[in-house]
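>>> Pasting the sequence and the predicted coordinates here, then a few questions.
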Amino acid sequence: MFFALSKILAFLLKPLNLMALTALYGHFTKIPQRRQRAFTILIIMLLGFSTPWPVNELARRWEIGQRNPESIVEPYDVGILLGGYTEMSAASPAGMVTFSRSANRLTGTLALYKTGKIRRILLTGGSGRIVGEETSEAPVSRWYLQQVGVPDSAILVEGNSRNTWENALYSKQLIDSLAPGSRCLLISSAWHLRRAKGCFDKAGLPCDVFGTDFFTEQDMGNKLHWLQPSWECLMKWDYLLKEWVGWLVYKMKGYN
């Protein structure tokens, strides 16, 4: 029940869904004052969700894991890669994998392995869908890593978890059974690492963190950029709102 409710809540909090619901309310209400108020709110949401400056400042304060790989002097036994970087519903041809915006989770992990910063890679992530069937992400990622030269002996797979809390629980079980006492590096998107680290600490598998695909942008000198509406801001709000609600719910459930 908790899993399904969290997915439904995340769906309702998507900026485009909030704006669509507001527009529908304004269209169908028979009271002129409510209609006017609804469309005023819609304009405010559209400008607020599409302007770069607010979401950039919030992301700057939320994201963690900013770390230069060269600062890793002693290699980690296991790099734990959290799923969420493949488009499993994409109609990719056989032998190909389509990656999402979060593909830096995978490419960053691969770079850490190739440069000797981590000795093994633990892939954790199954299917997070509540309706329909979807191929588990971890086995697909294992196949991809093998294609680019990572030996199977260096890959651990946990393909049953459906959310971050289960990532932590099942990863701990796998580490305890196959590589007890391992020094671990948790790798995920910077905007997701705060909640993820809390889960792994709570599950009894404390890890250092390494962030990828940051939402925070640097100031490149163009002040107008921060006021120019962009669809990318809607996407960032989509991820961040879901993450903040997830963090709060996990806190209430005692998961972090």
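Yes, it's here. Worth saying up front: this structure is predicted, and the values here are computed from it rather than measured. Residues are numbered from 1 along each chain as shown.
>>> what phi and what psi does the backbone show at the spatially closest residue to T29 that is not a sequence neighbour?
In space, T29 comes closest to R35 once its chain neighbours are excluded; the distance is 5.3 Å by CB to CB, 6 or more residues apart in numbering. Glycine gets a C-beta too; all of them are placed from N, C-alpha and C. Here is the backbone geometry of R35 (degrees, to the nearest 10): phi -60, psi -40.
>>> quick one: R35 from L12, how far?
22 Å (CB to CB, to the nearest Å).
>>> Hmm, K236 is touching A59, no?
Yes: contact status for K236 versus A59: in contact at 6.6 Å, counting by CB atoms under 8 Å.
>>> list the residues that contact both of those two?
Shared contacts of K236 and A59 (CB atoms under 8 Å, 6 or more residues apart in numbering): F215.
>>> Test my guess that the residue nearest to T29 contacts T22.
No: the pair R35 / T22 is not scored as a contact, 10.9 Å apart, by CB under 8 Å.
>>> Please say which of the two ends up with more neighbours.
Neighbours per residue (other CB atoms under 10 Å) separate R35 from T22, with T22 holding more: 20 against 15.
>>> Spit out the contact partners of the more buried one.
A38, I41, L42, M45.
>>> all strands of the stretch 1-150 of the chain, in order?
76-82, 118-124 (DSSP state E, counting those that start in this stretch).
>>> Report the rounded mean pLDDT for the first one.
So that's strand 76-82. The average pLDDT for strand 76-82 rounds to 97.
>>> can you check the last one too?
Here the mean pLDDT over strand 118-124 is 97, rounded to a whole number.
>>> That one: partners in the sheet, and parallel or antiparallel?
Strand 118-124 has its sheet partners listed here by DSSP bridges as strand 76-82 (parallel), strand 155-158 (parallel).
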